[in-house]
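In: dropping a prediction and its sequence here:
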Amino acid sequence: MRVTRVLSAALLALGLATGPAAADSSPSPSASDDAAAPTEAGTSFRTATEIEQGQRATASGSTGDYLYWSFPADAAQRPTVRATVKLPESHAAETWQIDVYDGLRRRQACQYGAQTRTAAQGTATVELACTLRTVRAWSEPWANDPLPGTYYIRLTVVNVPTSDLGLTVGAEVRVGSEDIGGSAAVDGSLAEPLVPGIAVKSASDDDGSDSATAVLSSIEPDDGWASGWWSDRWLWTAMGGVLAALAGIGGYALTRGPGRPSRVPPGA
Amino acid sequence: MITRQRLAAGVCALLAALTAGIAFPAPAAAGEPKGEPAPQVDLVLDVSGSMRARDIDGGSRMAAAKQAFNEVLDATPEEVELGIRTLGANYPGDDQKTGCKDTAQLYPVGPLDRTEAKTAVATLSPTGWTPIGPALLKAADDFKGSDGSKRIVLISDGEDTCAPLDPCEVAREIAAKGIGLTIDTLGLVPNAKMRKQLSCIAEATGGTYTSVEHTDELTDRVNQLVDRAADPVVTPVATEGATNCTNAPALKSGLYTDREEFGQQRWYRVDVEPGQEVRASVSVAADRAVNPDHGVLLRAVTVQGREIVRGEAAGNGRTDVVSTGLRYPKAESDDDSAPAETVCLQVTNSFSAAAGVKTTPGMPLELTVDVVDSPSAASDVASFGLGRGWWLLGALILTGFLAGVLWGWLSRWRVAVWRTN
């Protein structure tokens, strides 16, 4: 009986030790392919250049241009957009800004990061950053929560003297994301990610017509959109069940105790 | 001991099974767009007298433009139909009326013969006035019979000399007439007034303005613009929203454009079957000088006038567009023959402009509509109602332990009772 107790306690301890390790091992995207990184940017939502997370996209433009990129973000990711603007050699003070919009072209708030920054006269570069809220798999239609789908980045100068209009600038953007994992998992999912034009695209796919036309957004993460059923909550819950069973056995074993010595006659 | 080993093995197997569950579906390949109508580009070059000035890399502005054109013509992608128009190339006189009609098509928009186009460019010599407005009007007529994207690239070294026709207004009118027409402007060695005018022309059509001081800058930029034209984009469908829902045009999934004046309402209708979700996004572009505070409101309303959901956006400061969107999933119906619901989409804007800014034509409005299948609503906030975290584990362990203790006592008591009897 003592052996049982010791073993139960050991298993319990083992369970507690391996529990979080197993539970926290969720896959994280680490796509990094600079070779094929885009060197152009779009100038509207319609023409936004599609980039992948982890890519370092560059573009040249003019001061005053509105530069657009789009990237995919999936459930349980918290994307961070970083942009670097290389300013011309001589310029007056300018204010630069990045805005992030979701697939419905709704502006998404930045949790933190310098979204707007003023470059003093003659500064060589401006660094901007924006960390979005965690992307949820589902939310109420009345909410503005970030949902899986296309996200648009708009980079522009918001305050510029006329003398600087049209000067050539270089821009570099990259999007990384932290995997928040099961703590952000919610029930429910979207039937289709918030990718603009997806209804038109799937309709032409269904027709089986080969004459593929330009689409508003053909964006998709490297490993496809998450199906939404998996989260590390399954591991935690299963682990809890196992540990509870072990604790049950342990508790039961405790009450058995060494028991009454068998040679003592009943009723003595 | 055998029981214990089995238990341990069971735990291991369970864990392994759960871990193996972390598998993700393979990605599906996205189709390459092809079979698009040819994109068209019209290069409009200023050949006015001022192009003689020798201030670009030690050479004349004209020489710089010619060199740039030669390189651009070499680099133009096959699918792009390119044309060249000049302004101020032929009339050297002083009469403004005649000078302001001086614009000619040097090379028609169509499949490109590089040698021919280059020869035509070589003949140019700086001559006359700078009739930007009339040249843009004519350039817009150069595009014929194509649904592809159309782009005018205007290269000038001076502001328009043909007042009172404001080239900025002209650009806006042209953009309002055609679909998918963009004007990009390049200013050679620009001054403040010219920068303002050229960027005004660009902003009126959603184009870009660039200042050029060197030949290679000019080449790079024009090449970039021609390449941009070659990128396949979705051509929006023109529609005209009504002033109320009853007369509104019925839209299906797709991309639409319209025009909306200051303070105007636009209504559209979308049919949504039960179990479908409508997604709509709208952008209203500020194509003229507007006051810095602005907003756009998109509402989904039932035919009876009840608001279902709204998207709103407001902004402050310099912007190209203000955009917002909404989605509305219609719940599944038990009745298979349940009719589709008509959802009215109302777009309003709170742009305003200083007195003197023309209010017509309206600002460009872009509307995306997607009707997709929708899943049923979630029943629980947590994923499948599952738990997670140390508190959960603690609670489960405690419950399990207490259950074990209770079970143990119960069986001891039962044994004791049995033995006493």
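Out: Structure's in. What do you need?
In: please make it C-alpha for all contacts and neighbour counts, starting now.
Out: OK.
In: residues of the top helix by length along chain A that come out buried?
Out: Determined from DSSP state H, the single longest helix within chain A is helix A:233-256. Within helix A:233-256, the residues that qualify as buried by neighbour count (16 or more other CA atoms under 10 Å in any protein chain shown) are A:233-255.
In: what subset of those residues is also close to chain B?
Out: With the criterion set as CA under 8 Å from any CA of the partner chain, the members of the buried residues of helix A:233-256 near chain B are A:233-237, A:239-255.
In: tell me which residues are up against the strand or helix carrying A:Val175.
Out: Element membership for A:Val175, per DSSP states H and E: strand A:168-179. Strand A:168-179 is contacted from outside by A:26-29, A:52-63, A:71, A:76-88, B:210-211, using CA atoms under 8 Å, 6 or more residues apart in numbering or on different chains.
In: tell me the mean pLDDT for stretch B:217-224?
Out: The average pLDDT within stretch B:217-224 is 92.
In: kindly apply the preceding question to stretch B:185-203 instead.
Out: 91.
In: go on, stretch B:108-121?
Out: 90.
In: can you list the buried residues in that stretch?
Out: Across stretch B:108-121, burial judged by 16+ other CA under 10 Å covers B:Pro108, B:Val109, B:Gly110, B:Leu112, B:Arg114, B:Ala117, B:Lys118, B:Val121.
In: so how far does that stretch reach from one end to the other?
Out: 13 Å (CA to CA, to the nearest Å).
In: gap between that stretch and the chain center?
Out: Centroid separation for stretch B:108-121 versus its chain: 32 Å, with CA atoms, centre = their mean, to the nearest Å.
In: how about the strands in the stretch 251-400 of chain B?
Out: B:254-260, B:265-272, B:276-285, B:293-302, B:307-316, B:321-329, B:341-349, B:363-373 (DSSP state E, counting those that start in this stretch).
In: kindly reformat those strands as CSV containing mean neighbour count.
Out: Shown next, in CSV, are these (neighbours: other CA atoms under 10 Å in any protein chain shown):
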stretch, mean neighbour count
strand B:254-260, 22
strand B:265-272, 22
strand B:276-285, 24
strand B:293-302, 21
strand B:307-316, 17
strand B:321-329, 25
strand B:341-349, 22
strand B:363-373, 23
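In: got those strands as CSV, with distance to chain A and mean pLDDT columns?
Out: Formatted as CSV, the strands of the stretch 251-400 of chain B follow (distance: least, CA to the nearest CA, whole Å; pLDDT from 0 to 100):
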stretch, distance to chain A, mean pLDDT
strand B:254-260, 6, 93
strand B:265-272, 13, 95
strand B:276-285, 5, 94
strand B:293-302, 11, 95
strand B:307-316, 6, 94
strand B:321-329, 5, 94
strand B:341-349, 14, 95
strand B:363-373, 5, 93
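In: for A:Leu147, find the nearest of these.
Out: For A:Leu147, the closest of the strands of the stretch 251-400 of chain B is strand B:321-329, at 11.6 Å, according to CA to CA.
In: any low-confidence regions in the stretch 101-250 of chain A?
Out: Applying pLDDT under 70 to the stretch 101-250 of chain A flags the ranges A:204-213.
In: my error: substitute the stretch 51-200 of chain B in the last question.
Out: Within the stretch 51-200 of chain B, the segments meeting pLDDT under 70 span B:179.
In: burial of the residue in it positioned nearest to chain A, as a residue count?
Out: Ranked by CA to the nearest CA, the top residue of the stretch 51-200 of chain B for proximity to chain A is B:Ala192, at 6.1 Å. By other CA atoms under 10 Å in any protein chain shown, 13 other residues sit near B:Ala192.
In: go ahead and confirm A:Thr118 touches A:Leu87.
Out: No: with contact defined as CA atoms under 8 Å, A:Thr118 does not count as touching A:Leu87 (11.8 Å).
In: the spatially closest residue to B:Ile201 that is not a sequence neighbour: what's it in contact with?
Out: Spatially, and ignoring its direct neighbours in sequence, B:Ile201 is nearest to B:Cys168 (4.6 Å; CA to CA, 6 or more residues apart in numbering or on different chains). By CA under 8 Å, 6+ apart, B:Cys168 lies in contact with B:Gly133, B:Gln197, B:Cys200, B:Ile201, B:Ala204.
In: mind listing the helices for the stretch 51-200 of chain A?
Out: Secondary structure of the stretch 51-200 of chain A (DSSP state H, counting those that start in this stretch): helices at A:198-207.
In: show me the chain divided up by domain.
Out: Chain wasn't specified; assuming chain A. Per the record, chain A has its domains at A:2-21+A:234-256, A:29-226, by automatic domain parsing.
In: my question was about chain B
Out: B:40-230, B:237-373.
In: deepest-packed of the ones you listed, please.
Out: Across the domains of chain B, averaging neighbours per residue (mean count of other CA atoms under 10 Å in any protein chain shown) puts domain B:40-230 on top, at a mean of 20.
In: for chain B, what's the longest helix?
Out: Longest helix of chain B, by residue count under DSSP H: helix B:390-420.
In: is it up against chain A anywhere?
Out: Yes: against chain A, helix B:390-420 shows contacts by CA under 8 Å from any CA at B:392-394, B:396-409, B:412, B:419-420.
In: picking that back up, dump the strands of the stretch 251-400 of chain B to TSV, plus distance to B:Val222.
Out: TSV is the format used below for the strands of the stretch 251-400 of chain B (distance: least, CA to CA, whole Å):
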stretch	distance to B:Val222
strand B:254-260	27
strand B:265-272	37
strand B:276-285	24
strand B:293-302	33
strand B:307-316	32
strand B:321-329	25
strand B:341-349	35
strand B:363-373	25
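In: just so I know, which of the ones you listed lies nearest A:Trp138?
Out: Of these, nearest to A:Trp138 by CA to CA is strand B:321-329, at 12.0 Å.
In: packing partners for that closest one?
Out: Counting contacts by 3 or more CA pairs under 8 Å, 6 or more residues apart in numbering or on different chains; DSSP states H and E, strand B:321-329 packs against strand B:276-285, strand B:293-302, strand B:307-316.
In: with distance to B:Lys252 added, can I get these in a markdown table?
Out: Shown next, in a markdown table, are the helices and strands packed on strand B:321-329 (distance: least, CA to CA, whole Å):
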| stretch | distance to B:Lys252 |
| --- | --- |
| strand B:276-285 | 10 |
| strand B:293-302 | 15 |
| strand B:307-316 | 19 |
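In: distance from the chain centre to the longest helix of chain A, please.
Out: Centre-to-centre, helix A:233-256 and its host chain are 34 Å apart (CA atoms, centre = their mean).
In: dump the residue contacts of B:Pro92.
Out: B:Gly99, B:Thr127, B:Gly128, B:Trp129.
In: one more: B:Ser149?
Out: By CA under 8 Å, 6+ apart, the contact list for B:Ser149 reads B:Ala38, B:Pro39, B:Gln40, B:Gly180, B:Leu181, B:Ala229, B:Val233, B:Thr235.
In: keep only those residues that also lie close to chain A.
Out: The subset of the contacts of B:Ser149 within reach of chain A, by CA under 8 Å from any CA, is B:Val233.
In: with distance to B:Thr360 and secondary structure added, can I get the contacts of B:Ser149 in JSON lines?
Out: As requested, the contacts of B:Ser149 are exported to JSON lines (distance: CA to CA, whole Å; DSSP: H, G, I helix; E, B strand; the rest coil):
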{"residue": "B:Ala38", "distance to B:Thr360": "31", "secondary structure": "coil"}
{"residue": "B:Pro39", "distance to B:Thr360": "28", "secondary structure": "coil"}
{"residue": "B:Gln40", "distance to B:Thr360": "27", "secondary structure": "strand"}
{"residue": "B:Gly180", "distance to B:Thr360": "19", "secondary structure": "coil"}
{"residue": "B:Leu181", "distance to B:Thr360": "18", "secondary structure": "strand"}
{"residue": "B:Ala229", "distance to B:Thr360": "28", "secondary structure": "helix"}
{"residue": "B:Val233", "distance to B:Thr360": "27", "secondary structure": "coil"}
{"residue": "B:Thr235", "distance to B:Thr360": "23", "secondary structure": "coil"}
